[in-house]
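**Student:** I would like to see how this sequence folds:
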Amino acid sequence: MKKSTSTNAANEEYIRHTCPMQYALAQIAGRWKILLLWYIHLGANRFSLLKKRVPATGKMLSQQLKELESSGLLIKTSYADVPPRIEYALTDKAQALLPVLQALNVWGKQEMAKQDNETAGNDCAEQKTELRQ
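**Tutor:** Residues are numbered from 1 along each chain as shown. You can find the predicted model right below:
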């Protein structure tokens, strides 16, 4: 946690309020947030499904999901079933972000191919069929 009086905190505050791109990036900044949004979009809307797809600890996934919820990108719905069930859904704000994520995916794939990266053939957007099985 940063001190609110630190230079770094002041710089971040200035950037977030003066640059729309920085503001947008701050909403989705985090190691797993983009993948979580994408997988929820594809239908992995429960914690256990997300845990299978994202190689992060349960604590980290919970933290990232809470941050996405507090940013207004996710809706968390709890059901009083036995055992308890929680589902996540994208808000309209997150739905509006999907074309941007698709464009990032295309750009990233092109850049990875330029670097002759062996993972360049992997495509987050093409994993839809795998998730729904």
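**Student:** and the longest helix seen in the chain, what other elements does it pack with?
**Tutor:** Longest helix in the chain by number of residues (criterion: DSSP state H): helix 92-114. With contacts defined as 3 or more C-beta pairs under 8 Å, 6 or more residues apart in numbering; DSSP states H and E, the packing partners of helix 92-114 are helix 33-42. To be clear about C-beta, it is placed using only N, CA and C from the backbone, and glycine gets the same treatment.
**Student:** tell me which residues are up against the helix it packs on.
**Tutor:** Here helix 33-42 makes contact (C-beta atoms under 8 Å, 6 or more residues apart in numbering) with 28, 49-50, 53-54, 61, 64-65, 67-68, 73-74, 88-90, 94, 97-98, 101, 104, 124-125, 127-128, 131-132.
**Student:** these in strands, which ones?
**Tutor:** 74, 88-90 (DSSP state E).
**Student:** from the residues you listed, which is closest to Gly108?
**Tutor:** Nearest to Gly108 out of these is Leu90 (C-beta to C-beta; 20.6 Å).
**Student:** quick one: residues contacting that closest one.
**Tutor:** Contacts for Leu90 (C-beta under 8 Å, 6+ apart) come out as 37, 40-41, 73-75, 98.
**Student:** same deal with Leu97?
**Tutor:** Applying C-beta under 8 Å, 6+ apart to Leu97 gives the contacts 28, 37, 73.
**Student:** of those residues, which is the nearest to His17?
**Tutor:** Of the contacts of Leu97, the one sitting nearest to His17 (C-beta to C-beta) turns out to be Ile28, at 17.5 Å.
**Student:** got a pLDDT number for that closest one?
**Tutor:** The model reports Ile28 with a pLDDT of 92.
**Student:** not counting its neighbours along the chain, what's nearest it?
**Tutor:** Excluding its sequence neighbours, the residue lying closest to Ile28 (C-beta to C-beta, 6 or more residues apart in numbering) is Ile34, at 5.7 Å.
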